[in-house]
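Engineer: 3D, please:
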Amino acid sequence: MDHPDRDEVLIDGVDCGVCGGRVPAARIEVLAQREDLAFLELACPACKSQTLGILVAGGNDAADRYGEFVAADHIRFRDAPPIDVDDILAVHAALDEGGLQALVDRGNSGGTTA
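Structural biologist: The predicted model follows:
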């Protein structure tokens, strides 16, 4: 099934989920398509990251195109400090305390690590 709206969404490129830079359409590869979904690989020329993305047909509004985030998350994360060594150590400690479930539970409770 052909989805012309997919081509229209990708023609201007997308924002990089890592650095916020622009990933041009030429750096977006469609890995697979099924019904209303397309699985993409995005190669950011600015930060050199490679990211997987999912495009759902029907969401053409530019405000909806923030990778796994919604437009409101841009404001929430705009002034966030970069990830540092303490953040990495906190994740390791949480994983040591009980694996991924402990890390998810900690994030849901709003608690911090030592």
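Engineer: where does pLDDT dip in the protein?
Structural biologist: 1-9, 58-71, 102-103, 106-114 (pLDDT under 70).
Engineer: please repeat the previous calculation with a cut-off of 50.
Structural biologist: Scanning the chain for pLDDT under 50 picks out the ranges 1-4, 62-66, 111-114.
Engineer: residue ranges for the helices of it, please.
Structural biologist: Taking DSSP state H as the test, the helices found in the chain are 4-10, 71-78, 85-109.
Engineer: centre of the chain to the last one, how far?
Structural biologist: This means helix 85-109. How far helix 85-109 lies from its chain's middle: 20 Å, per Cα atoms, centre = their mean, to the nearest Å.
Engineer: now swap in stretch 37-56 and tell me
Structural biologist: 8 Å.
Engineer: and if you look at stretch 34-52?
Structural biologist: The answer for stretch 34-52 is 9 Å, by Cα atoms, centre = their mean.
Engineer: end to end, how far does it reach?
Structural biologist: 16 Å (Cα to Cα, to the nearest Å).
Engineer: and the contacts of it?
Structural biologist: 1, 3, 6, 10, 14, 16-19, 21-24, 27-33, 53-58, 67 (Cβ atoms under 8 Å, 6 or more residues apart in numbering). Using the backbone N, CA and C atoms, a C-beta is placed for each residue, glycine as well.
Engineer: per the record, what domains does the protein have?
Structural biologist: 4-80, 81-114 (automatic domain parsing).
Engineer: of those, flag the one that's most buried.
Structural biologist: Comparing those by mean neighbour count (mean count of other Cβ atoms under 10 Å), domain 4-80 ranks first with a mean of 14.
Engineer: so the closest residue in space to Glu29 that isn't next to it in sequence versus Ile75, what's the distance?
Structural biologist: Residue nearest to Glu29 in three dimensions, not counting chain neighbours: Glu41, with 4.6 Å by Cβ to Cβ, 6 or more residues apart in numbering. Per Cβ to Cβ, to the nearest Å, Glu41 is found 27 Å from Ile75.
Engineer: nice, that's everything, thank you.
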